[in-house]
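1. got a sequence here, can you build the structure:
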Amino acid sequence: MCMYGYARISRPTQNIDRQIRNIKQAFPNAVIVQEVYTGTEIDRREWNKLIKKIKAGDTIVFDSVSRMSRNAAEGFETYEALYQKGVELVFLKEPHINTGTYKATLESAVPMTGTTVDLILEGVNRYLMALAKEQIRLAFEQAEKEVSDLHQRTKEGIETARLNGKQIGQVPGAKLTTKKSKAAKQIILEHSKDFGGTLSDKDVMKLAGISRNTFYTYKAQLRGAGA
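-> Okay, here's the model as predicted:
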């Protein structure tokens, strides 16, 4: 039996470390599968690989139900398919819909008595099963709604800032300055032969840890600044 932790972020700029840390804290031996995936992409490569190799008795741990699926209908369908396959699903933030909890609910069905009371007990059992499924469905719907609400709030915030005259994003033509670029430019100024140093372009690139294109871009900017 294998235990996997599935961590997913929606954009490359997001940090996946929190999800991994939470999973590892609860299940130190979990093998982490991580992926950058957006709602516009159809193919979740790492998830699909995991689904193909997962087998009965294996476990998949998620930081939250939203990491399994951003679409409620798809998430509920996948949940049921994996449950029927015998795969354990664990949601750290929504433990009430773990497959173990779901299974316990179904197995807690009131035993029949062989009397007319069974008509009532059968109804009770059907209700328990329906209730368990409804909780799972609602959890996925809530996760989808939270993502949708977040996108809407972000969109409204950007629009409000724009209407108030605030600059959204980088000013066209502006140069983005980072700590890394500052450090690289300082190395170029100190060591490049073009600025009185002793190192060749190739050696300066290695020393600064930057690509050829970035190096020549920075050098052009430095020449322009000194003109």
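2. chain neighbours aside, what residue packs nearest to residue 15?
-> Leaving aside its sequence neighbours, residue 15 sits nearest to residue 9 (C-beta to C-beta, 6 or more residues apart in numbering; 7.4 Å). C-betas here are computed from N, CA, C, even on glycine.
3. measure residue 204 to residue 182 for me?
-> 15 Å (C-beta to C-beta, to the nearest Å).
4. who are the contact partners of residue 31?
-> Contacts for residue 31 (C-beta atoms under 8 Å, 6 or more residues apart in numbering) come out as 2, 3, 4, 5.
5. helix, strand or coil for residue 14?
-> Using DSSP: H, G, I helix; E, B strand; the rest coil, the three-state assignment for residue 14 comes out as coil.
6. against residue 98, how distant is it?
-> From residue 14 across to residue 98, the span is 25 Å (C-beta to C-beta).
7. can you check residue 179 too?
-> 43 Å.
8. more neighbours, these two?
-> Comparing residue 179 with residue 98 by neighbour count (other C-beta atoms under 10 Å), the higher total belongs to residue 98, at 19 against 7.
9. touching, that one and residue 83? I think so.
-> No. Contact criterion C-beta atoms under 8 Å: residue 98 and residue 83 do not qualify, at 10.4 Å.
10. quickly list what's touching both of those two.
-> residue 89.
11. where do the strands of the protein begin and end?
-> 3-9, 31-36, 59-62, 88-91 (DSSP state E).
12. how close does residue 214 get to residue 224?
-> Counting by C-beta to C-beta - residue 214 and residue 224 are separated by 16 Å.
13. ok, those two, which is more surrounded?
-> The neighbour comparison of residue 214 against residue 224 (other C-beta under 10 Å) goes to residue 214, with 15 against 8.
14. so in terms of bridging, what pairs with residue 199?
-> residue 192 (DSSP bridges).
15. please name the residues that touch it.
-> Counted by C-beta under 8 Å, 6+ apart, residue 199 has contacts 191, 192, 193, 207.
16. can you list those residues in JSON lines and add neighbour count, distance to residue 220 and pLDDT?
-> Output for those, formatted as JSON lines (neighbours: other C-beta atoms under 10 Å; distance: C-beta to C-beta, whole Å; pLDDT from 0 to 100):
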{"residue": "191", "neighbour count": "17", "distance to residue 220": "17", "pLDDT": "87"}
{"residue": "192", "neighbour count": "23", "distance to residue 220": "12", "pLDDT": "89"}
{"residue": "193", "neighbour count": "12", "distance to residue 220": "16", "pLDDT": "86"}
{"residue": "207", "neighbour count": "15", "distance to residue 220": "19", "pLDDT": "84"}
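17. closest to residue 142 out of those?
-> residue 207 (51.8 Å; C-beta to C-beta).
18. in stretch 186-195, what's buried?
-> For stretch 186-195, a neighbour-count test (16 or more other C-beta atoms under 10 Å) marks 187, 188, 189, 191, 192 as buried.
19. the bottom helix or strand of the chain by mean pLDDT?
-> Least confident element among the helices and strands of the chain, by mean pLDDT, DSSP states H and E: helix 118-163 (a mean of 68).
20. who touches stretch 217-227?
-> 175, 181, 184, 185, 188, 189, 192, 194, 195, 210.
21. now, those residues that are in helices?
-> 181, 184, 185, 188, 189 (DSSP state H).
22. doesn't residue 209 make contact with the second one?
-> Looking back up the chat, that one is residue 184. Yes. Counting by C-beta under 8 Å, residue 209 is a contact partner of residue 184 at 7.4 Å.
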